[in-house]
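# Test case, fold it:
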Amino acid sequence: MEFTIDREIFLEGIQKTLGIVEKQTATPILQNVLVKTMDGNTAIEILATNREIGIRINYDASVIKPGELTIPGKKLNEILRELQGETVHLATKGKNAAVLTSNKAVCKINGLEAADFPEMVNPEG
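Reported below is the predicted structural model:
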């Protein structure tokens, strides 16, 4: 996965998930947000759940390579708040790591396998 997005927009999306992301849990995947590219390569989707409540948000982005990865929500929020620059470039490195780049800053975050993220069901009606 690889995409470029406005830093403020990405930060806003991650901050919206923080109330749902589990702070202390026996299931580490619930501390993560799932970031994945959407069909058409023009947007990303951010998902978070604690198995009772879930949130799904879409944002416009310039997608270079499709894919998905879970990233610790709290850590991603802290990094995005501190980064300088208008845009953020996120690319997966290896199997479960993400590299965030903005201006001259480069941050590597280890995530978990996206397949382990709980399924979010859309309610009917």
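# quick one: Lys95 from Pro66, how far?
Between Lys95 and Pro66 the computed distance is 16 Å (C-beta to C-beta, to the nearest Å). Any C-beta I mention is one placed from the backbone N, CA and C, and that applies to glycine too.
# same thing with Leu30?
25 Å.
# three-state assignment of the residue positioned nearest the centre of the chain?
Nearest to the geometric centre of the chain sits Val35, at 3.6 Å (C-alpha atoms, centre = their mean). Taking DSSP: H, G, I helix; E, B strand; the rest coil as the rule, one finds Val35 in the strand state.
# Is it bridged to anything, and to what?
Ile46, Leu69 (DSSP bridges).
# Between Leu30 and Pro66, which has more neighbouring residues?
Set Leu30 next to Pro66 and count neighbours by other C-beta atoms under 10 Å: Leu30 wins out with 20 against 15.
# Just give me the neighbour total for the closest residue to that one other than its chain neighbours.
Nearest residue to Leu30, sequence neighbours excluded (C-beta to C-beta, 6 or more residues apart in numbering): Glu22, at 4.1 Å. Glu22 has 18 neighbouring residues, counting by other C-beta under 10 Å.
# Any buried residues in stretch 105-115, and which?
Neighbour-count burial for stretch 105-115 flags 107, 109, 111-112, 114 (criterion: 16 or more other C-beta atoms under 10 Å).
# List the contacts of Val35.
Val35 makes contacts with 1, 44-46, 68-71, 90, 98, as judged by C-beta atoms under 8 Å, 6 or more residues apart in numbering.
# Turn the residues you listed into TSV, including neighbour count, pLDDT and distance to Arg81.
Output for these, formatted as TSV (neighbours: other C-beta atoms under 10 Å; pLDDT from 0 to 100; distance: C-beta to C-beta, whole Å):
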residue	neighbour count	pLDDT	distance to Arg81
Met1	18	94	22
Ile44	25	97	19
Glu45	16	96	21
Ile46	22	97	16
Glu68	18	95	23
Leu69	24	96	20
Thr70	25	96	20
Ile71	25	96	15
Leu90	24	97	15
Ala98	22	96	16
